[in-house]
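*Asks:* requesting a structural model of the entry that follows:
(4 chains)
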2 protein chains.
Amino acid sequence: MGIAERKEREKEARRGEILEAAEKVFFEKGLNQATMDEIAAEAELGKSTLYLYYRSKEDLYLAVMMRGSEVMFRLFMEATSTGEPTLKLIRNLGDAYYEFFKKHRNYFRMYYFFESPDLHTQVSDEMKAACFRNDEKIWGLVIGLIRKAIAEKVFRDDIDPQQTAVILWANANGLMRQMDRMEPYWRDAMKIDLDATLRRANTFVLQGMMTDKAKKQFAGLFE
Amino acid sequence: MGIAERKEREKEARRGEILEAAEKVFFEKGLNQATMDEIAAEAELGKSTLYLYYRSKEDLYLAVMMRGSEVMFRLFMEATSTGEPTLKLIRNLGDAYYEFFKKHRNYFRMYYFFESPDLHTQVSDEMKAACFRNDEKIWGLVIGLIRKAIAEKVFRDDIDPQQTAVILWANANGLMRQMDRMEPYWRDAMKIDLDATLRRANTFVLQGMMTDKAKKQFAGLFE
DNA sequence: TCAGATAATGACTGATGGTCAGTCAAGATA
DNA sequence: TATCTTGACTGACCATCAGTCATTATCTGA
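*Replies:* Sure thing, here's the model as predicted:
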């Protein structure tokens, strides 16, 4: 059935065009200031058409966010495929997240909405589930790496991989959130070196997780 | 002029009544679902009257949030006025923040909006400034304590007090955010012990900041 | 060529944040 | 006591915008 397939492709393409237009408008104006009329105009479609592809404005917003998740996932894959020692890979992961933060600030900020369920009024269950699946993929990567570190006796064996992943992630994320909000103030008024702060925080938690043996072995990584 | 003063008091009281009504409605429905008409009805006033006291819905929301800040500040003051050693006081601070998170979840969640400037469409500069003043008060408390710890050689003297405060805070905050969102999932499906996770993360960063001497002296605090 | 299906849309609705001209009562003035 | 002034308060209103639906346009297979 060549026709059915072509139609499928065209529909998918249209979905993509809408997403592209939405991204442009959301990046420019943010969730609340962006209007569906504007996105429709950008996509050269009627507003009603958007609703044939996405159930609500919030769903569309989250769909754009998921593109960001994919960018992040690719960065993470690259960072952990260098063949370096596991500890270095975990360090790379932190650097990759920081890179995502610096280079894709627009995507980074979209998580603000996602992580504030109080603000969700029209998010469909399907979209929420899709977002969680995306999340899981990334968690899986991190947890796998930590498991490896424990198996190699780089990380202590009395820590829980999931708990550890959460701590590592929350530490980096909490700081970057804070940085995003306070960046100019910190840099200019308080003279805080942002890169150094993040690196230091990461060092603190990593060292808490490492075995004494690994601390000696990889001392060079933390100078 | 007794009359002017009485009127002043009455105006202040009305402001408080509006705040009270707003809190009730916002806690029940969240920022987006709550309507100004509903808050007005709860306060037994016309909607227009609300705008004589607060410039916008978002301002009103942040005004409620600031009540939460005050609750938090009081908890912090109590936690650090016990006369215990400085390191214990810093630990207490973390516990106090966790207590705030557990007992005042509604207030805690209001920060989600405050910390996402992308979502601000009608926040007045005055209100923003007031929120920042509130923030500063709390930062001052934390930074002061860290300075004390450095002076007492409990914390290393090569760390910056402000940087350290940021790391401590972001670590706790990032984790609690994550917990807020994932609490049921973590507890039930992943069997993660939330209290223990937070405590462990705090231990990791604290130990990174401490001098070797203090680590020996206060080993008991981390078991 | 035409019937049926699917894609697309413009006009519409309902909800809601915010505004404003006007009311009314308490206090000032005489 | 009668009149004026002030300012707190309000109801009716407006503008905006997410989301809906009846209708139209386009394509396809017979």
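
*Asks:* A:Phe218 reaches A:Glu84, doesn't it?
*Replies:* No. In this structure, A:Phe218 is not within contact of A:Glu84 by CB atoms under 8 Å, at 11.1 Å. No exception for glycine: its C-beta is placed from N, CA and C like everyone else's.

*Asks:* out of these two, which sits in the busier spot?
*Replies:* The neighbour comparison of A:Phe218 against A:Glu84 (other CB atoms under 10 Å in any protein chain shown) goes to A:Phe218, with 17 against 13.

*Asks:* now the more buried one: closest residue in space, sequence neighbours ignored.
*Replies:* A:Leu87 (5.3 Å; CB to CB, 6 or more residues apart in numbering or on different chains).

*Asks:* tell me the helix or strand right after the top helix by length along chain A.
*Replies:* If you go by DSSP state H, chain A has its longest helix at helix A:2-33. Using DSSP states H and E, the helix or strand that follows helix A:2-33 towards the C-terminus is helix A:36-43.

*Asks:* so where do the strands sit in chain A?
*Replies:* Shown for chain A, no strands are assigned by DSSP state E.

*Asks:* so which residues on it come close to DNA strand D?
*Replies:* Selection of chain A residues close to DNA strand D by CB under 7 Å from any atom of the strand yields A:3, A:6-7, A:33-37, A:47-48, A:51, A:56-58, A:121-122.

*Asks:* what's the neighbour count on the residue lying closest to A:Tyr107 once chain neighbours are set aside?
*Replies:* Spatial nearest neighbour of A:Tyr107, chain neighbours left out: A:Gly68 (2.8 Å); criterion: CB to CB, 6+ apart. Neighbour count of A:Gly68, defined by other CB under 10 Å: 20.

*Asks:* what does A:Ala201 give?
*Replies:* A:Ala201 has 26 nearby residues by other CB under 10 Å.

*Asks:* please, where are all the helices along chain A?
*Replies:* A:2-33, A:36-43, A:47-53, A:57-79, A:86-103, A:105-114, A:125-151, A:161-184, A:194-209, A:212-217.

*Asks:* so where's chain A shaky on pLDDT?
*Replies:* Applying pLDDT under 70 to chain A picks out residues A:1-4, A:6-7, A:223.

*Asks:* which residues does A:Met210 contact?
*Replies:* Contact analysis of A:Met210 by CB atoms under 8 Å, 6 or more residues apart in numbering or on different chains lists A:Leu87, A:Val154, A:Phe155, A:Arg156, A:Phe218.

*Asks:* filter those down to the buried ones.
*Replies:* A:Leu87, A:Val154, A:Phe155, A:Phe218 (16 or more other CB atoms under 10 Å in any protein chain shown).

*Asks:* rebuild these as JSON lines, extending it with distance to B:Tyr98.
*Replies:* Shown next, in JSON lines, are those (distance: CB to CB, whole Å):
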{"residue": "A:Leu87", "distance to B:Tyr98": "30"}
{"residue": "A:Val154", "distance to B:Tyr98": "30"}
{"residue": "A:Phe155", "distance to B:Tyr98": "25"}
{"residue": "A:Phe218", "distance to B:Tyr98": "32"}
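
*Asks:* straight-line length of stretch A:80-90, end to end?
*Replies:* One end of stretch A:80-90 to the other measures 8 Å (CA to CA, to the nearest Å).

*Asks:* about what we covered before: of all the helices of chain A, which one is nearest DNA strand C?
*Replies:* Distance to DNA strand C, taken as CB to the nearest atom of the strand, is lowest for helix A:47-53 among the helices of chain A, at 2.7 Å.

*Asks:* contacts for that closest one?
*Replies:* A:Arg14, A:Arg15, A:Ile18, A:Met36, A:Asp37, A:Ile39, A:Ala40, A:Ala43, A:Leu60.

*Asks:* try it again at 6 Å.
*Replies:* For helix A:47-53, the external contacting residues (CB atoms under 6 Å, 6 or more residues apart in numbering or on different chains) are A:Arg15, A:Ile18, A:Met36, A:Asp37, A:Ala40.

*Asks:* so who does the third one touch?
*Replies:* The reference is to A:Met36. A:Lys47, A:Lys57.

*Asks:* state the distance from it to chain B.
*Replies:* Computed as CB to the nearest CB, to the nearest Å, the A:Met36 to chain B distance reads 16 Å.

*Asks:* and what of the fourth one?
*Replies:* In this structure, A:Asp37 and chain B are separated by 17 Å, where distance is defined by CB to the nearest CB.

*Asks:* please apply the same query to the first one.
*Replies:* As defined by CB to the nearest CB, A:Arg15 lies at a distance of 24 Å from chain B.

*Asks:* and that residue, how many neighbours?
*Replies:* Count around A:Arg15 with other CB under 10 Å applied: 14.

*Asks:* how is chain A divided into domains?
*Replies:* A:1-53, A:63-222 (automatic domain parsing).

*Asks:* out of those, which one sits most buried?
*Replies:* domain A:63-222 (a mean of 17; mean count of other CB atoms under 10 Å in any protein chain shown).

*Asks:* get me the contact residues on chain A for DNA strand C.
*Replies:* A:Lys7, A:Lys11, A:Arg14, A:Glu44, A:Leu45, A:Gly46, A:Lys47, A:Ser48, A:Thr49, A:Tyr51, A:Leu52.

*Asks:* next one: phi and psi at the residue nearest to A:Arg156 when sequence neighbours are not counted?
*Replies:* Leaving aside its chain neighbours, A:Arg156 sits nearest to A:Thr211 (5.4 Å; criterion: CB to CB, 6+ apart). Backbone torsions of A:Thr211, given as degrees, to the nearest 10, read phi -80, psi 160.

*Asks:* quick one: A:Thr211 from A:Val205, how far?
*Replies:* A:Thr211 sits 15 Å away from A:Val205, taking CB to CB, to the nearest Å as the criterion.

*Asks:* now do the contacts for the residue in chain A positioned nearest to chain B.
*Replies:* Per CB to the nearest CB, A:Gly174 is where chain A lies closest to chain B, at 2.3 Å. Taking CB under 6 Å, 6+ apart, we find A:Gly174 in contact with B:Ala170, B:Asn171, B:Asn173, B:Gly174.
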